[in-house]
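1. sequence plus predicted model, see below.
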Amino acid sequence: MDRLSQATLGRLPAAVGRPAYDRSSLRTGIVHLGIGAFHRAHMAAYTDAVLAAGDARWGIAGASLRSPDTRDALAPQDGLYALAIRDAAAERLQVIGAVTRLLVAPEDPDALLTIMSAPDTRIVSLTVTEKGYCHSPATGDLDERHPDVLHDLAHPDAPRSAPGFVVEALRRRRAAGLPFFTALCCDNLPHNGATLRRVLVRFAELRDPALGRAVAAELRCPFTMVDRIVPATAEADRDGISAALGLSDAWPVPTEPFTQWVIEDDFALGRPAWDRAGATFVSDVAPFELAKLRMLNGSHSTLAYLGYLAGHETVADTLAAPGFAALVRGLMGAEVAPTLPPVPGLDPAAYGEELVARFRNPALRHRTWQIAMDGTQKLPQRLLGTVRDRLAAGASIDRLALGVAAWMCYARGRDERGEPIDLRDPLADELRRRTADAADAGALAGALFGMTSVFGSDLPAEPRFTGAVVAALSSLLRDGAAATVARFGEHP
(Lines give C-alpha, C1' and ligand atoms only; values in the text may rest on other atoms or scores of the structure.)
Protein backbone atom coordinates (compact mmCIF):
# COMPACT_ATOMS: atom_id res chain seq x y z
CA MET A 1 0.00 0.00 0.00
CA ASP A 2 1.31 3.47 -0.90
CA ARG A 3 2.03 5.98 1.86
CA LEU A 4 -0.12 8.99 2.73
CA SER A 5 1.74 12.10 1.52
CA GLN A 6 1.23 15.38 -0.27
CA ALA A 7 1.60 13.57 -3.59
CA THR A 8 -1.10 10.99 -2.76
CA LEU A 9 -3.70 13.29 -1.16
CA GLY A 10 -5.78 13.28 -4.33
CA ARG A 11 -6.29 9.53 -4.03
CA LEU A 12 -8.17 9.70 -0.75
CA PRO A 13 -11.83 8.64 -0.72
CA ALA A 14 -14.25 11.54 -1.15
CA ALA A 15 -15.61 11.14 2.39
CA VAL A 16 -12.19 11.80 3.95
CA GLY A 17 -11.50 15.43 4.86
CA ARG A 18 -8.21 16.91 3.70
CA PRO A 19 -6.31 20.23 3.71
CA ALA A 20 -8.26 22.79 1.67
CA TYR A 21 -5.29 25.15 1.27
CA ASP A 22 -1.91 25.39 -0.42
CA ARG A 23 0.50 23.91 2.12
CA SER A 24 3.52 25.17 0.16
CA SER A 25 2.50 28.76 0.93
CA LEU A 26 2.46 28.31 4.73
CA ARG A 27 4.86 30.20 6.98
CA THR A 28 5.96 28.80 10.32
CA GLY A 29 4.29 30.95 12.94
CA ILE A 30 4.07 28.33 15.69
CA VAL A 31 6.75 26.07 17.13
CA HIS A 32 5.26 23.31 19.22
CA LEU A 33 7.30 21.40 21.80
CA GLY A 34 6.02 17.90 22.43
CA ILE A 35 4.32 16.88 19.19
CA GLY A 36 2.44 13.90 20.54
CA ALA A 37 -1.01 12.56 19.87
CA PHE A 38 -2.84 15.11 22.01
CA HIS A 39 -1.39 18.11 20.18
CA ARG A 40 -2.17 16.54 16.82
CA ALA A 41 -5.78 15.87 17.84
CA HIS A 42 -6.31 19.24 19.49
CA MET A 43 -4.27 22.39 18.70
CA ALA A 44 -3.14 21.19 15.27
CA ALA A 45 -6.75 20.47 14.32
CA TYR A 46 -7.88 23.94 15.41
CA THR A 47 -4.96 25.46 13.47
CA ASP A 48 -5.81 23.40 10.40
CA ALA A 49 -9.21 25.11 10.31
CA VAL A 50 -7.54 28.55 10.54
CA LEU A 51 -5.26 27.69 7.64
CA ALA A 52 -8.25 26.48 5.64
CA ALA A 53 -9.86 29.90 6.21
CA GLY A 54 -6.93 31.53 4.41
CA ASP A 55 -4.49 32.71 7.10
CA ALA A 56 -1.20 31.13 6.01
CA ARG A 57 0.93 32.62 8.80
CA TRP A 58 0.40 29.79 11.27
CA GLY A 59 2.07 26.65 10.00
CA ILE A 60 3.38 24.48 12.83
CA ALA A 61 6.93 23.22 13.29
CA GLY A 62 6.63 20.32 15.70
CA ALA A 63 9.52 19.20 17.89
CA SER A 64 10.02 16.05 19.92
CA LEU A 65 12.22 16.60 22.96
CA ARG A 66 13.09 12.94 23.42
CA SER A 67 12.21 10.35 20.79
CA PRO A 68 12.44 10.51 16.98
CA ASP A 69 9.38 8.27 16.59
CA THR A 70 6.91 10.97 15.51
CA ARG A 71 9.36 12.49 13.03
CA ASP A 72 10.23 9.07 11.63
CA ALA A 73 6.55 8.26 11.16
CA LEU A 74 5.35 11.58 9.73
CA ALA A 75 8.30 13.03 7.79
CA PRO A 76 7.83 10.52 4.92
CA GLN A 77 4.18 11.66 4.92
CA ASP A 78 5.11 15.36 4.60
CA GLY A 79 3.71 15.87 8.11
CA LEU A 80 0.25 14.63 7.12
CA TYR A 81 -1.75 12.25 9.30
CA ALA A 82 -5.35 11.17 9.72
CA LEU A 83 -7.49 12.20 12.67
CA ALA A 84 -10.07 9.48 13.36
CA ILE A 85 -13.03 11.01 15.21
CA ARG A 86 -14.96 8.17 16.81
CA ASP A 87 -18.07 7.45 18.80
CA ALA A 88 -20.14 4.32 19.22
CA ALA A 89 -22.00 4.97 15.98
CA ALA A 90 -19.39 6.00 13.42
CA GLU A 91 -15.89 7.11 12.54
CA ARG A 92 -15.05 10.27 10.58
CA LEU A 93 -11.60 10.69 9.03
CA GLN A 94 -9.85 14.01 8.43
CA VAL A 95 -6.29 14.47 7.20
CA ILE A 96 -4.56 17.33 9.05
CA GLY A 97 -2.00 19.44 7.17
CA ALA A 98 -1.00 22.08 9.73
CA VAL A 99 2.31 20.42 10.65
CA THR A 100 4.83 21.53 8.05
CA ARG A 101 8.14 20.64 9.71
CA LEU A 102 9.28 18.01 12.22
CA LEU A 103 12.35 18.21 14.42
CA VAL A 104 14.01 15.99 17.02
CA ALA A 105 15.66 18.18 19.63
CA PRO A 106 18.42 15.80 20.83
CA GLU A 107 19.63 15.24 17.28
CA ASP A 108 20.07 18.93 16.48
CA PRO A 109 19.20 21.31 19.31
CA ASP A 110 20.51 24.29 17.37
CA ALA A 111 18.04 23.67 14.54
CA LEU A 112 15.17 23.89 16.99
CA LEU A 113 16.60 26.98 18.69
CA THR A 114 17.07 28.63 15.30
CA ILE A 115 13.45 28.22 14.26
CA MET A 116 12.23 29.29 17.72
CA SER A 117 14.34 32.43 17.31
CA ALA A 118 13.12 33.23 13.77
CA PRO A 119 11.18 36.47 13.22
CA ASP A 120 8.11 34.63 11.86
CA THR A 121 7.76 32.55 15.04
CA ARG A 122 5.12 34.25 17.15
CA ILE A 123 3.99 31.44 19.45
CA VAL A 124 5.88 28.61 21.13
CA SER A 125 3.36 26.15 22.50
CA LEU A 126 3.91 23.14 24.70
CA THR A 127 2.37 19.76 25.46
CA VAL A 128 5.25 18.09 27.28
CA THR A 129 3.13 16.53 30.08
CA GLU A 130 3.32 17.58 33.69
CA LYS A 131 6.81 16.16 34.19
CA GLY A 132 8.22 18.12 31.24
CA TYR A 133 8.23 21.44 33.09
CA CYS A 134 10.97 20.35 35.54
CA HIS A 135 8.93 21.73 38.42
CA SER A 136 7.73 20.55 41.79
CA PRO A 137 4.05 19.55 41.40
CA ALA A 138 3.38 20.39 45.05
CA THR A 139 4.61 24.01 44.75
CA GLY A 140 4.67 24.84 41.02
CA ASP A 141 8.25 26.13 41.34
CA LEU A 142 11.20 25.17 39.17
CA ASP A 143 13.03 22.14 40.53
CA GLU A 144 16.50 23.63 40.58
CA ARG A 145 18.05 20.22 41.32
CA HIS A 146 16.39 18.51 38.35
CA PRO A 147 19.10 16.79 36.24
CA ASP A 148 17.90 18.46 33.03
CA VAL A 149 17.87 21.88 34.67
CA LEU A 150 21.43 21.40 35.90
CA HIS A 151 22.50 20.22 32.45
CA ASP A 152 20.85 23.12 30.65
CA LEU A 153 22.38 25.72 32.95
CA ALA A 154 25.79 24.22 32.24
CA HIS A 155 25.17 23.74 28.51
CA PRO A 156 22.74 26.49 27.43
CA ASP A 157 23.42 26.02 23.69
CA ALA A 158 22.46 22.34 23.82
CA PRO A 159 19.48 22.15 26.18
CA ARG A 160 17.46 19.04 26.99
CA SER A 161 14.43 20.46 28.75
CA ALA A 162 11.50 22.52 27.58
CA PRO A 163 12.42 25.42 29.93
CA GLY A 164 15.99 25.25 28.68
CA PHE A 165 14.93 25.53 25.04
CA VAL A 166 12.43 28.32 25.65
CA VAL A 167 14.79 30.47 27.71
CA GLU A 168 17.72 30.07 25.33
CA ALA A 169 15.45 31.01 22.40
CA LEU A 170 14.26 34.07 24.32
CA ARG A 171 17.88 35.02 25.00
CA ARG A 172 18.72 34.73 21.30
CA ARG A 173 15.72 36.83 20.31
CA ARG A 174 16.68 39.50 22.82
CA ALA A 175 20.26 39.53 21.52
CA ALA A 176 18.94 39.91 17.96
CA GLY A 177 16.57 42.75 18.91
CA LEU A 178 13.46 40.64 18.27
CA PRO A 179 10.40 40.74 20.54
CA PHE A 180 9.61 37.71 22.64
CA PHE A 181 7.15 35.16 21.30
CA THR A 182 4.16 34.12 23.39
CA ALA A 183 4.71 30.91 25.38
CA LEU A 184 1.48 28.90 25.38
CA CYS A 185 1.08 25.97 27.78
CA CYS A 186 -1.47 23.37 26.67
CA ASP A 187 -0.88 20.86 29.47
CA ASN A 188 -3.02 19.98 32.48
CA LEU A 189 -1.23 22.11 35.04
CA PRO A 190 -3.04 24.20 37.64
CA HIS A 191 -2.88 27.86 36.58
CA ASN A 192 -0.81 26.61 33.67
CA GLY A 193 0.13 30.02 32.28
CA ALA A 194 1.35 31.26 35.65
CA THR A 195 3.16 27.98 36.34
CA LEU A 196 4.96 28.12 33.00
CA ARG A 197 5.85 31.76 33.52
CA ARG A 198 7.18 31.11 37.03
CA VAL A 199 9.36 28.24 35.79
CA LEU A 200 10.72 30.26 32.86
CA VAL A 201 11.41 33.40 34.86
CA ARG A 202 13.32 31.48 37.51
CA PHE A 203 15.29 29.52 34.92
CA ALA A 204 16.17 32.78 33.13
CA GLU A 205 17.26 34.34 36.45
CA LEU A 206 19.58 31.41 37.03
CA ARG A 207 21.02 31.89 33.55
CA ASP A 208 21.47 35.65 33.87
CA PRO A 209 19.74 38.10 36.25
CA ALA A 210 19.29 40.66 33.45
CA LEU A 211 17.66 38.04 31.22
CA GLY A 212 15.44 37.06 34.14
CA ARG A 213 14.28 40.65 34.55
CA ALA A 214 13.51 40.92 30.83
CA VAL A 215 11.54 37.66 30.82
CA ALA A 216 9.62 38.74 33.92
CA ALA A 217 8.76 42.08 32.32
CA GLU A 218 7.98 41.06 28.76
CA LEU A 219 7.03 37.40 28.35
CA ARG A 220 3.34 36.55 27.96
CA CYS A 221 2.10 33.12 29.00
CA PRO A 222 -1.67 32.94 28.56
CA PHE A 223 -3.70 30.54 30.67
CA THR A 224 -5.45 27.76 28.74
CA MET A 225 -7.83 24.89 29.37
CA VAL A 226 -7.64 22.01 26.92
CA ASP A 227 -10.01 19.07 26.68
CA ARG A 228 -10.17 16.13 24.32
CA ILE A 229 -9.76 12.45 25.10
CA VAL A 230 -6.97 11.01 22.95
CA PRO A 231 -6.00 7.37 23.57
CA ALA A 232 -2.69 5.96 22.39
CA THR A 233 -2.69 4.72 18.80
CA ALA A 234 -2.73 0.92 18.58
CA GLU A 235 -1.71 -1.30 15.69
CA ALA A 236 -5.38 -2.05 15.05
CA ASP A 237 -5.95 1.71 14.65
CA ARG A 238 -3.14 1.98 12.11
CA ASP A 239 -4.42 -0.99 10.14
CA GLY A 240 -8.08 0.04 10.15
CA ILE A 241 -7.48 3.71 9.35
CA SER A 242 -5.00 2.91 6.60
CA ALA A 243 -7.51 0.53 5.04
CA ALA A 244 -10.19 3.24 5.13
CA LEU A 245 -7.81 5.78 3.58
CA GLY A 246 -6.55 3.40 0.93
CA LEU A 247 -3.10 4.70 1.91
CA SER A 248 -0.73 3.71 4.68
CA ASP A 249 -0.65 6.12 7.62
CA ALA A 250 2.16 5.30 10.07
CA TRP A 251 0.72 7.34 12.91
CA PRO A 252 -2.96 8.29 12.75
CA VAL A 253 -4.64 9.65 15.87
CA PRO A 254 -7.97 8.33 17.22
CA THR A 255 -10.04 10.74 19.30
CA GLU A 256 -13.56 11.57 20.41
CA PRO A 257 -15.98 14.07 18.79
CA PHE A 258 -15.88 16.38 21.83
CA THR A 259 -13.20 19.06 21.89
CA GLN A 260 -12.81 22.23 23.95
CA TRP A 261 -10.18 24.94 24.22
CA VAL A 262 -10.52 27.97 26.48
CA ILE A 263 -7.72 30.54 26.12
CA GLU A 264 -6.80 33.77 27.85
CA ASP A 265 -6.60 36.37 25.06
CA ASP A 266 -3.12 37.71 25.85
CA PHE A 267 -0.72 37.31 22.92
CA ALA A 268 2.31 39.47 22.24
CA LEU A 269 2.58 39.08 18.45
CA GLY A 270 -0.94 38.17 17.40
CA ARG A 271 -2.58 34.77 17.30
CA PRO A 272 -4.61 32.55 14.98
CA ALA A 273 -8.38 33.02 14.90
CA TRP A 274 -8.84 29.72 16.73
CA ASP A 275 -12.27 30.94 17.85
CA ARG A 276 -13.48 30.43 14.27
CA ALA A 277 -12.71 26.75 14.82
CA GLY A 278 -14.57 26.62 18.13
CA ALA A 279 -12.04 27.83 20.72
CA THR A 280 -13.23 30.29 23.34
CA PHE A 281 -11.18 33.38 24.22
CA VAL A 282 -11.85 34.74 27.70
CA SER A 283 -10.29 37.10 30.22
CA ASP A 284 -10.26 34.51 33.04
CA VAL A 285 -9.60 30.84 32.31
CA ALA A 286 -9.18 29.77 35.94
CA PRO A 287 -12.78 28.62 36.63
CA PHE A 288 -12.85 26.53 33.44
CA GLU A 289 -9.43 25.04 34.19
CA LEU A 290 -10.32 24.12 37.76
CA ALA A 291 -13.57 22.44 36.72
CA LYS A 292 -11.81 20.37 34.09
CA LEU A 293 -8.82 19.38 36.22
CA ARG A 294 -10.96 18.31 39.15
CA MET A 295 -14.03 16.88 37.41
CA LEU A 296 -12.56 15.24 34.32
CA ASN A 297 -8.92 14.63 35.17
CA GLY A 298 -9.54 13.76 38.81
CA SER A 299 -12.24 11.26 37.84
CA HIS A 300 -10.12 9.89 35.01
CA SER A 301 -7.17 9.17 37.31
CA THR A 302 -9.41 7.62 39.97
CA LEU A 303 -11.02 5.35 37.37
CA ALA A 304 -7.63 4.49 35.86
CA TYR A 305 -6.01 3.29 39.09
CA LEU A 306 -9.04 1.46 40.41
CA GLY A 307 -9.93 0.06 36.99
CA TYR A 308 -6.42 -1.21 36.36
CA LEU A 309 -6.25 -2.84 39.78
CA ALA A 310 -9.63 -4.49 39.13
CA GLY A 311 -8.33 -5.93 35.85
CA HIS A 312 -10.03 -3.60 33.36
CA GLU A 313 -8.04 -2.58 30.30
CA THR A 314 -9.98 0.53 29.29
CA VAL A 315 -11.99 3.30 30.91
CA ALA A 316 -15.12 2.14 29.07
CA ASP A 317 -14.62 -1.39 30.44
CA THR A 318 -14.15 0.07 33.92
CA LEU A 319 -17.38 2.05 33.84
CA ALA A 320 -19.29 -1.02 32.69
CA ALA A 321 -18.27 -2.90 35.84
CA PRO A 322 -20.48 -2.84 38.98
CA GLY A 323 -20.15 0.21 41.18
CA PHE A 324 -17.76 2.33 39.12
CA ALA A 325 -20.32 4.65 37.53
CA ALA A 326 -21.94 5.27 40.91
CA LEU A 327 -18.53 5.90 42.46
CA VAL A 328 -17.47 8.46 39.87
CA ARG A 329 -20.85 10.21 39.94
CA GLY A 330 -20.53 10.48 43.71
CA LEU A 331 -16.96 11.72 43.43
CA MET A 332 -17.90 14.48 41.01
CA GLY A 333 -21.25 15.42 42.49
CA ALA A 334 -20.69 15.12 46.23
CA GLU A 335 -16.98 15.88 46.67
CA VAL A 336 -15.63 17.79 43.64
CA ALA A 337 -18.47 20.03 42.47
CA PRO A 338 -18.89 21.82 45.84
CA THR A 339 -15.27 23.04 45.58
CA LEU A 340 -15.78 24.76 42.22
CA PRO A 341 -16.46 28.46 41.72
CA PRO A 342 -19.24 29.40 39.31
CA VAL A 343 -18.21 28.70 35.72
CA PRO A 344 -19.97 30.64 32.95
CA GLY A 345 -22.33 28.33 31.10
CA LEU A 346 -21.46 25.26 33.17
CA ASP A 347 -23.94 23.23 35.18
CA PRO A 348 -21.80 20.83 37.26
CA ALA A 349 -24.43 18.08 37.36
CA ALA A 350 -24.93 18.16 33.58
CA TYR A 351 -21.15 18.36 33.05
CA GLY A 352 -20.67 15.30 35.22
CA GLU A 353 -23.20 13.31 33.21
CA GLU A 354 -21.55 14.44 29.97
CA LEU A 355 -18.20 13.19 31.31
CA VAL A 356 -19.65 9.81 32.22
CA ALA A 357 -21.03 9.50 28.68
CA ARG A 358 -17.64 10.43 27.22
CA PHE A 359 -15.83 7.95 29.45
CA ARG A 360 -18.23 5.24 28.26
CA ASN A 361 -17.35 5.77 24.57
CA PRO A 362 -16.38 2.21 23.54
CA ALA A 363 -14.77 3.33 20.29
CA LEU A 364 -11.85 5.07 22.02
CA ARG A 365 -10.22 2.12 23.84
CA HIS A 366 -8.53 4.53 26.26
CA ARG A 367 -6.30 2.28 28.36
CA THR A 368 -6.28 2.63 32.13
CA TRP A 369 -2.52 2.02 32.09
CA GLN A 370 -1.98 5.03 29.81
CA ILE A 371 -3.92 7.37 32.09
CA ALA A 372 -2.15 5.95 35.16
CA MET A 373 1.29 7.12 33.98
CA ASP A 374 3.16 9.85 35.86
CA GLY A 375 0.96 9.74 38.94
CA THR A 376 3.42 11.68 41.10
CA GLN A 377 3.05 14.60 38.70
CA LYS A 378 -0.73 14.37 38.31
CA LEU A 379 -2.08 13.73 41.81
CA PRO A 380 -1.41 17.22 43.25
CA GLN A 381 -3.61 19.04 40.74
CA ARG A 382 -6.12 16.31 39.96
CA LEU A 383 -7.03 15.16 43.48
CA LEU A 384 -5.02 16.79 46.26
CA GLY A 385 -6.11 20.37 45.61
CA THR A 386 -9.71 19.21 45.95
CA VAL A 387 -8.79 17.35 49.14
CA ARG A 388 -7.35 20.52 50.65
CA ASP A 389 -10.48 22.52 49.84
CA ARG A 390 -12.76 19.82 51.28
CA LEU A 391 -10.73 19.61 54.47
CA ALA A 392 -10.78 23.39 54.85
CA ALA A 393 -14.58 23.24 54.59
CA GLY A 394 -14.81 20.42 57.13
CA ALA A 395 -16.30 18.16 54.45
CA SER A 396 -15.88 14.45 53.71
CA ILE A 397 -13.15 13.14 51.40
CA ASP A 398 -13.95 9.41 51.28
CA ARG A 399 -14.00 9.03 47.48
CA LEU A 400 -11.04 11.34 46.97
CA ALA A 401 -9.09 9.34 49.54
CA LEU A 402 -9.98 6.15 47.66
CA GLY A 403 -8.45 7.61 44.50
CA VAL A 404 -5.25 8.45 46.39
CA ALA A 405 -5.17 5.00 47.98
CA ALA A 406 -5.63 3.36 44.58
CA TRP A 407 -2.59 5.26 43.31
CA MET A 408 -0.62 3.99 46.32
CA CYS A 409 -1.58 0.40 45.48
CA TYR A 410 -0.61 0.95 41.86
CA ALA A 411 2.68 2.62 42.86
CA ARG A 412 3.84 -0.61 44.53
CA GLY A 413 4.45 -1.88 41.00
CA ARG A 414 2.41 -5.07 41.22
CA ASP A 415 -1.27 -5.77 40.65
CA GLU A 416 -3.75 -7.72 42.78
CA ARG A 417 -2.57 -11.00 41.27
CA GLY A 418 1.03 -10.21 42.16
CA GLU A 419 1.97 -9.54 38.54
CA PRO A 420 4.43 -6.68 37.86
CA ILE A 421 3.08 -3.34 36.66
CA ASP A 422 5.04 -1.43 34.01
CA LEU A 423 5.33 1.63 36.24
CA ARG A 424 5.95 4.75 34.16
CA ASP A 425 6.72 7.71 36.38
CA PRO A 426 9.66 10.14 36.63
CA LEU A 427 9.95 9.13 40.30
CA ALA A 428 9.58 5.40 39.66
CA ASP A 429 12.87 4.53 41.35
CA GLU A 430 11.89 6.45 44.48
CA LEU A 431 8.47 4.77 44.49
CA ARG A 432 10.11 1.35 44.37
CA ARG A 433 12.48 2.21 47.20
CA ARG A 434 9.73 3.58 49.41
CA THR A 435 7.26 0.74 48.86
CA ALA A 436 9.67 -2.22 48.82
CA ASP A 437 9.36 -3.11 52.50
CA ALA A 438 5.83 -1.81 53.20
CA ALA A 439 4.00 -4.78 54.70
CA ASP A 440 0.61 -3.23 55.41
CA ALA A 441 -1.59 -0.24 54.62
CA GLY A 442 -0.15 1.95 57.37
CA ALA A 443 3.43 1.32 56.32
CA LEU A 444 2.69 1.79 52.62
CA ALA A 445 0.81 5.03 53.17
CA GLY A 446 3.43 6.33 55.58
CA ALA A 447 6.23 5.65 53.13
CA LEU A 448 4.48 7.52 50.33
CA PHE A 449 3.26 10.40 52.50
CA GLY A 450 6.95 11.18 52.90
CA MET A 451 7.08 12.39 49.29
CA THR A 452 6.73 16.11 49.93
CA SER A 453 6.98 16.81 46.19
CA VAL A 454 3.59 15.09 45.92
CA PHE A 455 1.80 15.68 49.24
CA GLY A 456 3.54 18.76 50.54
CA SER A 457 4.09 19.01 54.29
CA ASP A 458 0.50 19.82 55.23
CA LEU A 459 -1.46 16.75 54.15
CA PRO A 460 0.76 14.14 55.84
CA ALA A 461 0.24 16.06 59.10
CA GLU A 462 -3.55 16.07 58.74
CA PRO A 463 -5.13 13.01 60.41
CA ARG A 464 -8.46 13.46 58.61
CA PHE A 465 -6.58 12.91 55.35
CA THR A 466 -4.13 10.23 56.43
CA GLY A 467 -6.84 8.31 58.30
CA ALA A 468 -9.19 8.28 55.29
CA VAL A 469 -6.42 7.17 52.93
CA VAL A 470 -5.22 4.39 55.23
CA ALA A 471 -8.81 3.14 55.67
CA ALA A 472 -9.36 3.04 51.90
CA LEU A 473 -5.95 1.46 51.36
CA SER A 474 -6.70 -1.25 53.95
CA SER A 475 -9.88 -2.14 52.06
CA LEU A 476 -8.08 -2.27 48.72
CA LEU A 477 -5.29 -4.49 50.06
CA ARG A 478 -7.71 -6.76 51.94
CA ASP A 479 -10.67 -7.04 49.57
CA GLY A 480 -9.42 -5.78 46.20
CA ALA A 481 -10.55 -2.88 44.02
CA ALA A 482 -13.73 -4.44 42.65
CA ALA A 483 -15.21 -5.22 46.08
CA THR A 484 -14.10 -1.89 47.52
CA VAL A 485 -15.66 0.06 44.64
CA ALA A 486 -18.87 -1.92 44.93
CA ARG A 487 -19.20 -0.77 48.57
CA PHE A 488 -18.38 2.84 47.72
CA GLY A 489 -20.86 2.71 44.88
CA GLU A 490 -23.62 2.01 47.37
CA HIS A 491 -22.97 5.29 49.24
CA PRO A 492 -25.44 8.12 48.59
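-> Yes, it's here.
2. and the next element down the chain from the helix or strand encompassing Asp317?
-> Element membership for Asp317 (DSSP states H and E) is helix 315-320. Following helix 315-320 in sequence order, the next helix or strand is helix 324-330 (DSSP H and E).
3. show me which positions of the helix holding Asp317 end up buried.
-> If you call a residue buried by 16 or more other Cβ atoms under 10 Å, then helix 315-320 has these buried ones: Val315, Ala316, Asp317, Thr318, Leu319. C-beta here means a position set from N, CA and C on the backbone, and glycine is covered the same way.
4. next one: stretch 415-430
-> So stretch 415-430, judged by 16+ other Cβ under 10 Å, has buried residues Asp415, Glu416, Ile421, Leu423, Asp425, Pro426, Leu427, Ala428, Glu430.
5. make CSV from the residues you listed and add distance to Gly345 and pLDDT to it.
-> Listed next are the buried residues of stretch 415-430 as CSV, based on distance: Cβ to Cβ, whole Å; pLDDT from 0 to 100:
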residue, distance to Gly345, pLDDT
Asp415, 41, 91
Glu416, 42, 92
Ile421, 40, 96
Leu423, 39, 96
Asp425, 36, 96
Pro426, 36, 94
Leu427, 38, 95
Ala428, 40, 96
Glu430, 42, 97
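6. where does the chain have low pLDDT?
-> 489-492 (pLDDT under 70).
7. show me how the record splits it into domains.
-> Per the TED database, the domain ranges recorded for the chain read 9-283, 286-489.
8. and Asp2, which of these is closest to it?
-> Closest approach to Asp2 among the domains of the chain (Cβ to Cβ): domain 9-283, 5.7 Å.
9. and that closest one, how far out from the chain middle?
-> Offset of domain 9-283 from its chain centre (Cα atoms, centre = their mean, to the nearest Å): 12 Å.
10. for the helix or strand that contains Val454, packing partners?
-> According to DSSP H and E, Val454 maps onto helix 452-455. Helices and strands touching helix 452-455, by 3 or more Cβ pairs under 8 Å, 6 or more residues apart in numbering; DSSP states H and E, are helix 375-379, helix 441-449.
11. tell me the angle of the helix or strand harbouring Ala406 relative to helix 441-449?
-> Taking DSSP H and E as the criterion, Ala406 maps to helix 398-411. Interaxial angle, helix 398-411 versus helix 441-449 (axes from the mean of the first three to the mean of the last three Cα atoms, to 10 degrees): 80 degrees.
12. what helices and strands are in contact with helix 398-411?
-> Under the contact definition 3+ Cβ pairs under 8 Å, 6+ apart, helix 398-411 sits against helix 298-309, helix 324-330, helix 375-379, helix 385-392, helix 441-449, helix 463-479, helix 481-489.
13. kindly reformat those helices as TSV containing distance to Ala105.
-> Formatted as TSV, those follow (distance: least, Cβ to Cβ, whole Å):
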stretch	distance to Ala105
helix 298-309	29
helix 324-330	38
helix 375-379	20
helix 385-392	32
helix 441-449	33
helix 463-479	39
helix 481-489	39
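14. want to try TSV for these, with mean neighbour count and distance to Leu150 as columns?
-> Below are those laid out as TSV (neighbours: other Cβ atoms under 10 Å; distance: least, Cβ to Cβ, whole Å):
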stretch	mean neighbour count	distance to Leu150
helix 298-309	26	30
helix 324-330	22	41
helix 375-379	26	19
helix 385-392	19	29
helix 441-449	19	26
helix 463-479	19	33
helix 481-489	21	39
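15. how about Phe324, nearest residue that isn't a chain neighbour?
-> Closest residue in space to Phe324, ignoring its immediate chain neighbours: Thr318 at 5.3 Å, by Cβ to Cβ, 6 or more residues apart in numbering.
16. from the buried residues of stretch 415-430, pick the one nearest Ala53.
-> Pro426 (39.8 Å).
17. with adjacent residues omitted, what lies nearest to the closest one?
-> Leaving aside its sequence neighbours, Pro426 sits nearest to Lys131 (Cβ to Cβ, 6+ apart; 4.5 Å).
18. list the contacts for that neighbour?
-> Neighbouring residues of Lys131 by Cβ atoms under 8 Å, 6 or more residues apart in numbering: Asp374, Gln377, Pro426.
19. just Ser475 next, same as before
-> Ser475 touches Ala483, Thr484, Arg487, counting by Cβ under 8 Å, 6+ apart.
20. swap in 10 Å and give it another go.
-> Leu402, Ala405, Ala441, Ala481, Ala483, Thr484, Val485, Arg487, Phe488 (Cβ atoms under 10 Å, 6 or more residues apart in numbering).
21. OK, contacts around Leu327?
-> Neighbouring residues of Leu327 by Cβ under 10 Å, 6+ apart: 299, 302-303, 306, 318-319, 399, 402-403, 484-491.
22. next one: it from Gly164, what distance?
-> According to Cβ to Cβ, to the nearest Å, Leu327 and Gly164 sit 42 Å apart.
23. could you do Leu355 as well?
-> Look at Leu355 and Gly164: by Cβ to Cβ, they are 36 Å apart.
24. the two: who's more crowded?
-> Gly164 (26 against 21; other Cβ atoms under 10 Å).
25. what's the strand or helix carrying Leu355 in contact with?
-> Secondary structure assigned from DSSP H and E places Leu355 in helix 348-359. By Cβ under 10 Å, 6+ apart, the residues outside helix 348-359 that reach it are 87, 227-229, 256-258, 291-292, 295-296, 299-300, 303, 314-316, 318-319, 324-325, 328-333, 336-338, 340, 342-343, 345, 347, 364, 366.
26. in it, what counts as buried?
-> Under the neighbour-count criterion of 16+ other Cβ under 10 Å, helix 348-359 has Pro348, Tyr351, Gly352, Leu355, Val356, Arg358, Phe359 buried.
27. what is the nearest of the residues you listed to Gln94?
-> The closest of the buried residues of helix 348-359, once distances to Gln94 are taken by Cβ to Cβ, is Arg358, at 19.5 Å.
28. contacting residues around Leu247?
-> With Cβ under 10 Å, 6+ apart, Leu247 has these contacts: 1-5, 8-9, 11-13, 16, 77, 80, 82, 95, 241.
29. can I get the buried part of the residues you listed as one ChimeraX selection?
-> The following ChimeraX line selects those of the contacts of Leu247 that are buried, judged by 16+ other Cβ under 10 Å:
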select :4,8,9,12,16,77,80,82,95,241
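30. now, which of the contacts of Leu247 lie within strands?
-> Ala82, Val95 (DSSP state E).
31. name the nearest residue to His39, ignoring sequence neighbours.
-> Sequence neighbours aside, Thr127 is the residue nearest to His39 in space, at 4.7 Å (criterion: Cβ to Cβ, 6+ apart).
32. what about that neighbour, distance to Thr233?
-> According to Cβ to Cβ, Thr127 stands 16 Å off from Thr233.
33. settle it for me: which of the two has more neighbours?
-> Thr127 (23 against 20).
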